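J.: Could you look at this predicted model? Sequence included:
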Amino acid sequence: KVAIKKCQTVFNDLADGKRILREIKLLTFLNHENILHIKDLIPPSRKDFEDIYFVSALMDTDLNVVIRSKQRLTEEHNAY
């Protein structure tokens with residue numbers, strides 16, 4: 001199973017474009033079991049594209065959900 005992340009209008013704001021490029025570079029370069037890895041970038045269908053799609057492994061949850069959860073974190077959560 002995979003997840004597809006869509007980054008919309010990446011060229012409208014220079015800071016956003018740089019952030020997205022940095023994210024893509026880091027996630028394709030880093031190879032560790034505890035860091036999400038980009039499996040593929042979906043090539044644009046036309047030359048004047050605005051959106052970028054990248055494919056990664058499907059995770060059960062995301063960090064935002066974990067942080068906002070009322071569940072107390074245990075030592076097992078802090079192990080990595």
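T.: Here it is on my side, so go on.

J.: pLDDT of stretch 34-41, averaged?
T.: Average pLDDT, stretch 34-41: 85.

J.: Identify each buried residue in that stretch, please.
T.: residue 38 (16 or more other CB atoms under 10 Å). Every residue, glycine included, has its C-beta placed from N, CA and C.

J.: got the end-to-end distance for that stretch?
T.: 20 Å (CA to CA, to the nearest Å).

J.: got a list of what the residue nearest to residue 28 when sequence neighbours are not counted touches?
T.: Nearest residue to residue 28, sequence neighbours excluded (CB to CB, 6 or more residues apart in numbering): residue 38, at 4.9 Å. The neighbours of residue 38, taking CB atoms under 8 Å, 6 or more residues apart in numbering as the test, are 24, 27-28, 54-56.

J.: now with 10 Å?
T.: Counting by CB atoms under 10 Å, 6 or more residues apart in numbering, residue 38 touches 5, 23-30, 54-57.

J.: Now the two most distant members of those.
T.: The span of the contacts of residue 38, defined through CB to CB, is set by 25 and 57 at 18.4 Å.

J.: Just give me how far stretch 64-80 sits from the chain centre.
T.: 20 Å (CA atoms, centre = their mean, to the nearest Å).

J.: could I get it in PDB with only the CA atoms?
T.: Extracted in PDB, the C-alpha atoms of stretch 64-80 (Å, rounded to 0.1, in the frame of the first residue of the first chain):
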ATOM      1  CA  ASN A  64       0.200  15.300  14.000                       C
ATOM      2  CA  VAL A  65      -2.400  12.700  15.100                       C
ATOM      3  CA  VAL A  66       0.100  11.300  17.700                       C
ATOM      4  CA  ILE A  67       0.900  14.700  19.100                       C
ATOM      5  CA  ARG A  68      -2.700  15.700  19.500                       C
ATOM      6  CA  SER A  69      -3.800  12.400  20.900                       C
ATOM      7  CA  LYS A  70      -4.800  12.200  24.500                       C
ATOM      8  CA  GLN A  71      -2.900   8.900  24.900                       C
ATOM      9  CA  ARG A  72       0.000   9.200  27.200                       C
ATOM     10  CA  LEU A  73       3.400   8.300  25.600                       C
ATOM     11  CA  THR A  74       5.300   5.500  27.200                       C
ATOM     12  CA  GLU A  75       9.000   4.600  27.200                       C
ATOM     13  CA  GLU A  76       8.300   2.300  24.300                       C
ATOM     14  CA  HIS A  77       7.200   5.400  22.300                       C
ATOM     15  CA  ASN A  78      10.400   7.200  23.200                       C
ATOM     16  CA  ALA A  79      12.700   4.300  22.300                       C
ATOM     17  CA  TYR A  80      13.400   5.600  18.800                       C
END
